[in-house]
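Trainee: whatever this is, show me its structure:
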Amino acid sequence: MDSNNENPAPQHKDALTTPPFDETYRRGPVIMRGRMVPKDTTYGNLLAPEASTDWLHMDPWRVMRIQAEFVDGFGALAELGPAVAVFGSARTSADDKMYAAARDAAAQVARAGCAVITGGGPGIMEAANRGAAEAGGVSVGLGIELPFEEGLNPWVNLGMSFRYFFVRKTMFVKYSSGAMVFPGGFGTLDEMFELLTLVQTHKVKETPVALVGEDYWRGLFDWIEGTVRDAGMIGELDQRMVKITDDVDEAVAVALSGMRR
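Mentor: Next comes the predicted model:
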């Protein structure tokens with residue numbers, strides 16, 4: 001008979017009773033033992049002085065700032081109620097007829113019980129915020145950090161400044177049911193085409209847009225509805241959604257029509 005089978009080697013009694021590690025360390029849902037136990041602690045790391053602040057300029061931290069802007073914007077505007085966005089140039093002077101038109105239009109919107117949302121700057125934005133505030137309405141200014149801007153105009157009674165254009169534009173679209181667009185440059189064109197693109201691609205509900213200033217806007221839309229459409233680049237614009245007019249009352253009626261949709 002095989003001697004190995006007759007006399008098996010005895011197991012050491014400690015093999016079943018003594019744990020192989022003296023310490024268990026928990027960091028959240030993770031456990032670490034033996035050589036894996038860290039010398040630092042999570043809370044200690046939080047409170048430790050920073051050797052470098054390079055992380056402030058890295059994309060993961062930017063994502064957190066972007067998220068914070070969305071949270072702050074939603075929190076500030078969630079209970080705003082019906083609103084109309086007003087876009088237009090920051091360069092329009094107070095003696096310009098379009099300044100007077102934007103001020104009048106915003107006052108009418110406020111008297112209709114709707115808030116007015118602008119970019120919070122000077123020019124057309126100031127005129128619209130002024131008209132809304134003077135009429136006793138909610139005058140919203142959504143500013144943007146720019147090296148040549150001085151901050152929100154004094155007629156804003158609910159305001160917020162943003163780092164990122166795309167977060168700011170989300171707030172315009174999310175919280176307005178109609179828009180009035182006064183003469184402006186690249187920023188105004190960007191805001192207008194952003195809104196029209198979202199409507200045409202059915203990413204948002206129908207949002208009526210009134211373009212104030214026949215002479216200013218007609219050439220652009222003749223090109224869009226002629227050259228661009230004839231080349232097959234776009235479909236036909238919904239004439240109910242885009243109206244070019246010199247009549248302030250008509251522009252207000254178009255913008256407010258979104259409340260009934």
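
Trainee: I figured T42 hits R26, correct?
Mentor: No - contact criterion Cβ atoms under 8 Å: T42 and R26 do not qualify, at 10.1 Å. From N, CA and C alone the C-beta is placed, and that goes for glycine too.

Trainee: hey, what's A210 bridged with?
Mentor: M180, K243 (DSSP bridges).

Trainee: contacting residues for it?
Mentor: Counting by Cβ atoms under 8 Å, 6 or more residues apart in numbering, A210 touches G178, A179, M180, V181, K243, I244, T245, E250, A251, V252, V254, A255.

Trainee: would you check how far apart the spatially most central residue of the chain and P60 are?
Mentor: Per Cα atoms, centre = their mean, the C-alpha nearest to the average position across the chain is that of V167, at 2.3 Å. Look at V167 and P60: by Cβ to Cβ, to the nearest Å, they are 17 Å apart.

Trainee: before we move on, what about H202?
Mentor: From H202 over to P60 (counting by Cβ to Cβ), the distance is 33 Å.

Trainee: what of V37?
Mentor: On the measure of Cβ to Cβ, V37 and P60 end up 27 Å apart.

Trainee: what about these two, which has more around it?
Mentor: More crowded of V37 and P60, by other Cβ atoms under 10 Å: V37, with 14 against 7.

Trainee: what about the residue nearest to the centre of the chain, which helix or strand?
Mentor: helix 165-175 (DSSP states H and E).

Trainee: and that helix, what's buried?
Mentor: V167, R168, K169, T170, M171, F172, V173, Y175 (16 or more other Cβ atoms under 10 Å).

Trainee: do the same with stretch 119-136
Mentor: Using 16+ other Cβ under 10 Å as the test for burial, stretch 119-136 gives 119-133, 135.

Trainee: sorry, back to before: now do the SS call for the closest residue in space to the residue nearest to the centre of the chain that isn't next to it in sequence.
Mentor: Nearest residue to V167, sequence neighbours excluded (Cβ to Cβ, 6 or more residues apart in numbering): E69, at 4.5 Å. Following DSSP: H, G, I helix; E, B strand; the rest coil, we place E69 in the helix state.

Trainee: which ones are touching the closest residue to S177 other than its chain neighbours?
Mentor: Closest residue to S177 apart from its sequence neighbours, by Cβ to Cβ, 6+ apart: G258 at 3.7 Å. For G258, the contacting residues are V84, S176, S177, G178, E206, T207, P208, by Cβ under 8 Å, 6+ apart.

Trainee: wait, the first one sits on Y175?
Mentor: Just to be clear, that refers to V84. No - using Cβ under 8 Å, V84 makes no contact with Y175, being 10.1 Å away.

Trainee: let me see the contact set for the nearest residue to E150 once chain neighbours are set aside.
Mentor: Leaving aside its chain neighbours, E150 sits nearest to P122 (7.9 Å; criterion: Cβ to Cβ, 6+ apart). Residues near P122 by Cβ under 8 Å, 6+ apart: A90, R91, E150, N153.

Trainee: buried subset of those?
Mentor: By 16+ other Cβ under 10 Å, the contacts of P122 give A90, N153 as buried.

Trainee: and of the contacts of P122, the nearest to L196?
Mentor: A90 (21.1 Å; Cβ to Cβ).

Trainee: and the closest one, how far is that from A83?
Mentor: Counting by Cβ to Cβ - A90 and A83 are separated by 20 Å.

Trainee: with V71 instead?
Mentor: 20 Å.

Trainee: what's next to stretch 53-67, contact-wise?
Mentor: R163, Y164, V167.

Trainee: ends of it, how far apart?
Mentor: 20 Å (Cα to Cα, to the nearest Å).

Trainee: that stretch: how far from the chain's middle?
Mentor: 17 Å (Cα atoms, centre = their mean, to the nearest Å).

Trainee: for it, buried residues please.
Mentor: For stretch 53-67, the neighbour count (16+ other Cβ under 10 Å) marks I66 as buried.
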